[in-house]
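A.B. asks: all I have is the shape, not the residue letters:
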């Protein structure tokens with residue numbers, strides 16, 4: 001593989017470090033050449049690192065373009081990789097004339113690159129903004145940067161993410177903690193908790209907020225100390241602030257430091273207080289030292305620092321919020337150790353230098369693979385997925401996540417489009433193209449370009465909640481087929497469809513317009529038979545979400561700690577939803593939760609699936625309780641939600657996907673049936689503990705809780721049905737592969 005990199009040659013800071021480190025290590029695996037448009041320290045340092053560097057200087061852009069085009073063609077390069085405004089401009093010019101794919105690494109927000117330099121902003125900023133639109137692919141240097149590009153209308157299918165990698169191999173500090181602190185002049189004994197930051201002392205790093213927050217925390221925890229490494233224009237002002245706050249004795253300005261290893265080894269808490277960041281090296285340096293980190297919630301920071309799990313976050317400029325976090329860490333050495341260990345594990349796995357190099361090579365391979373794909377898929381390509389997405393329902397969102405995961409396992413380059421009520425959120429969360437559900441003209445046009453239309457999971461074929469939604473989904477199925485797509489109903493439930501006219505309409509559409517239907521339960525198969533639907537291929541499968549994994553144990557530990565819950569505690573989970581008749585039964589759920597606490601010592605934990613609806617039902621129940629309880633208002637991602645259900649000893653649920661999530665983790669279940677899909681699922685996996693909401697009594701519910709609790713150690717019973725589900729779920733993706741003409745991915 002031969003790749004040519006184009007960069008101005010005047011770069012510094014994070015961009016310089018990233019490019020030099022990346023190219024130095026890539027050169028050991030592939031043929032890499034770096035072209036700079038000026039000579040100087042950047043190019044000289046690259047040569048010293050062993051990077052093949054060529055200078056194409058001169059003010060005549062078109063003369064440089066002609067020479068560079070010849071150089072690229074004669075050199076047999078396969079990919080043009082650009083960095084910065086001048087590189088992107090030249091890449092845009094070379095894209096058509098060379099026929100090569102062109103990719104750019106976006107190191108910073110291109111709209112902010114030339115603030116305070118109006119002439120440069122007008123010339124280079126505008127050039128860069130325009131050129132980026134004419135390139136084939138872009139690489140964000142953090143998930144936050146990639147999200148920013150998605151929010152500005154760049155195609156998610158043509159975006160990649162890479163992080164500034166760090167070498168996580170063991171390093172040995174030149175000085176131990178005590179010796180280093182003495183060397184910089186900070187008085188701190190072994191009982192002191194040293195807070196530190198390594199940053200330029202300029203306004204964007206907002207070290208003033210760190211000093212103010214530290215002063216407040218120090219007033220409560222006098223053993224705190226602050227070590228500030230770095231220099232810059234704000235140094236004198238910051239020293240004055242320290243003096244005004246009367247904390248000179250416990251704050252040290254170390255200036256620029258070269259011994260990074262000894263600095264981080266001397267700290268107990270790492271901090272970052274920036275107003276804006278992409279993905280700073282200071283975070284990964286602290287992670288490498290296993291330091292708990294307190295950081296402002298900006299840019300790419302939350303992608304590494306998950307609040308309460310791998311660190312603590314506060315809002316930028318909020319000195320009081322920072323003080324609370326520092327105080328919490330200062331008084332709890334165990335919390336410091338847990339956060340530091342989790343951060344190290346996450347960073348070593350995802351943000352190491354080896355991970356960065358592997359990711360960059362993957363990106364190049366993907367680009368070359370897609371270049372070949374154009375030759376065979378130049379007319380139609382991709383899948384359009386339609387379902388109840390973008391409405392804040394964790395179950396529906398998990399269905400979409402599972403479908404996208406399986407489609408990408410079939411074909412990692414397959415373009416995926418999704419109809420969503422919140423297309424911006426869907427694009428950002430799943431990195432797919434998304435169209436507003438009711439933008440008819442746009443999704444009809446897209447159907448003329450795709451090869452497969454998926455009616456995606458869930459109970460879309462029913463008229464209990466709405467006749468109009470049934471008509472809408474039937475109309476999209478018809479449109480998809482008429483506009484040239486294969487049509488697949490994916491891991492779905494059928495019914496109830498109560499209106500006879502709706503049953504006739506649905507049967508007619510499914511008979512004529514659908515190629516295959518994979519079903520998540522046996523009742524749905526019986527419902528199709530009763531409607532006379534037998535023309536499509538009908539396959540018994542399972543709900544797609546059974547394939548989704550739980551978050552790692554340490555992540556779930558962190559979430560529970562953040563919620564004030566013991567990670568290894570004894571809990572019974574309740575998932576409730578508003579439904580006609582629920583209000584009259586709320587007192588029964590409350591009494592059952594009290595019973596579980598008194599009888600078995602299980603703390604009731606309430607876990608909503610659709611927060612905007614479920615929390616109201618939950619509070620109707622908890623307002624009548626006497627036992628201690630906890631409500632987790634936002635369970636987070638699908639993996640986190642599944643991980644939380646895994647920590648329950650028993651789960652009582654009205655929501656199907658709470659039952660699916662818990663069942664997938666071998667948790668005993670009690671279902672409360674407001675819809676036949678609940679009883680169908682439980683029967684399908686061999687579980688027999690379910691009660692109709694309309695006839696629910698306290699005696700019945702507590703008896704089922706007793707029976708479920710008795711099954712806690714019956715691992716074979718709890719997992720047998722779900723393992724069978726995971727095996728048959730493979731029929732969903734296998735059917736999609738067949739309709740797309742792709743080889744199937746073997747089931748695990």
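C.D. replies: Received it, and whenever you're ready, just let me know what you need. Not measured: the values here are computed from a predicted model.

A.B. asks: three-state assignment of residue 295?
C.D. replies: State at residue 295, reduced to three classes by DSSP: H, G, I helix; E, B strand; the rest coil: strand.

A.B. asks: from residue 312, how far off is it?
C.D. replies: 8 Å (C-beta to C-beta, to the nearest Å). Every residue, glycine included, has its C-beta placed from N, CA and C.

A.B. asks: settle it for me: which of the two has more neighbours?
C.D. replies: Neighbour totals were compared for residue 295 and residue 312, and residue 295 leads with 28 against 25 (other C-beta atoms under 10 Å).

A.B. asks: tell me the contacts of that one?
C.D. replies: 271-273, 283, 301, 305, 311-314 (C-beta atoms under 8 Å, 6 or more residues apart in numbering).

A.B. asks: what do residue 295 and residue 312 both touch?
C.D. replies: With C-beta under 8 Å, 6+ apart as the test, residue 295 and residue 312 both reach residue 305.

A.B. asks: picking up where we left off before, return the member of the contacts of residue 295 nearest to residue 78.
C.D. replies: residue 283 (33.8 Å; C-beta to C-beta).

A.B. asks: give me the element that closest one is part of.
C.D. replies: Assigned by DSSP states H and E, residue 283 belongs to helix 281-288.

A.B. asks: chain center to that helix, what's the gap?
C.D. replies: 20 Å (C-alpha atoms, centre = their mean, to the nearest Å).

A.B. asks: which other helices and strands contact that helix?
C.D. replies: Contact analysis of helix 281-288 by 3 or more C-beta pairs under 8 Å, 6 or more residues apart in numbering; DSSP states H and E lists strand 193-198, helix 260-265, strand 269-272, strand 293-296, helix 333-350 as its packing neighbours.

A.B. asks: at 7 Å instead, please
C.D. replies: Helix 281-288 sits against helix 260-265, strand 269-272, strand 293-296, helix 333-350, with contacts defined as 3 or more C-beta pairs under 7 Å, 6 or more residues apart in numbering; DSSP states H and E.

A.B. asks: for residue 49, list the residues it contacts.
C.D. replies: Residue 49 makes contact with 20, 24, according to C-beta atoms under 7 Å, 6 or more residues apart in numbering.

A.B. asks: how about the helices of the stretch 451-600 of the chain, start to end?
C.D. replies: In the stretch 451-600 of the chain, the helices defined using DSSP state H, counting those that start in this stretch lie at 467-482, 500-513, 522-531, 553-562, 582-600.

A.B. asks: same check, this time on the stretch 601-748 of the chain
C.D. replies: 611-622, 638-646, 656-664, 676-684, 698-709, 715-740.

A.B. asks: please identify the deepest-packed of these.
C.D. replies: helix 656-664 (a mean of 27; mean count of other C-beta atoms under 10 Å).

A.B. asks: now do it and helix 611-622, the angle between them.
C.D. replies: 80 degrees (axes from the mean of the first three to the mean of the last three C-alpha atoms, to 10 degrees).

A.B. asks: ok now helix 656-664, how far from the chain's centre?
C.D. replies: 21 Å.

A.B. asks: packing partners of that helix?
C.D. replies: Short answer (3+ C-beta pairs under 7 Å, 6+ apart): helix 656-664 packs on helix 394-410, helix 638-646, strand 650-653, strand 669-673, helix 676-684.

A.B. asks: export these as CSV, with columns for distance to residue 74 and mean pLDDT.
C.D. replies: Listed next are the helices and strands packed on helix 656-664 as CSV, based on distance: least, C-beta to C-beta, whole Å; pLDDT from 0 to 100:
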stretch, distance to residue 74, mean pLDDT
helix 394-410, 37, 95
helix 638-646, 49, 95
strand 650-653, 66, 98
strand 669-673, 67, 97
helix 676-684, 64, 91
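
A.B. asks: which one of the ones you listed lies closest to residue 521?
C.D. replies: Once those are compared by C-beta to C-beta, helix 676-684 is nearest, at 4.1 Å.

A.B. asks: quick one: residue 137 from residue 348, how far?
C.D. replies: 28 Å.

A.B. asks: show residues contacting stretch 52-71.
C.D. replies: 32-39, 43, 46-47, 90, 93-94, 97-98.

A.B. asks: same thing with stretch 490-498?
C.D. replies: 403, 454-464, 503, 506, 517-521, 524, 527-528, 541-544, 676-677, 732, 736.

A.B. asks: picking up where we left off before, quick one: which of residue 137 and residue 348 has more around it?
C.D. replies: Using other C-beta under 10 Å as the criterion, residue 137 and residue 348 rank with residue 137 on top: 21 against 17.

A.B. asks: thought the more buried one was touching residue 158?
C.D. replies: Yes. Residue 137 lies in contact with residue 158 (C-beta atoms under 7 Å); the separation is 5.0 Å.

A.B. asks: can you list the weak-confidence ranges in the stretch 51-200 of the chain?
C.D. replies: Within the stretch 51-200 of the chain, the set of residues satisfying pLDDT under 70 comprises 112-116, 120-121.

A.B. asks: what segments of the stretch 1-150 of the chain are strands?
C.D. replies: 2-7, 31-36, 53-55, 79-83, 102-106, 137-140 (DSSP state E, counting those that start in this stretch).

A.B. asks: turn these into a markdown table, including distance to residue 490.
C.D. replies: Converted to a markdown table, the strands of the stretch 1-150 of the chain look like this (distance: least, C-beta to C-beta, whole Å):
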| stretch | distance to residue 490 |
| --- | --- |
| strand 2-7 | 38 |
| strand 31-36 | 43 |
| strand 53-55 | 51 |
| strand 79-83 | 35 |
| strand 102-106 | 33 |
| strand 137-140 | 29 |
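
A.B. asks: where among the helices of the stretch 451-600 of the chain is average confidence lowest?
C.D. replies: With a mean of 88, helix 553-562 has the lowest mean pLDDT of these.
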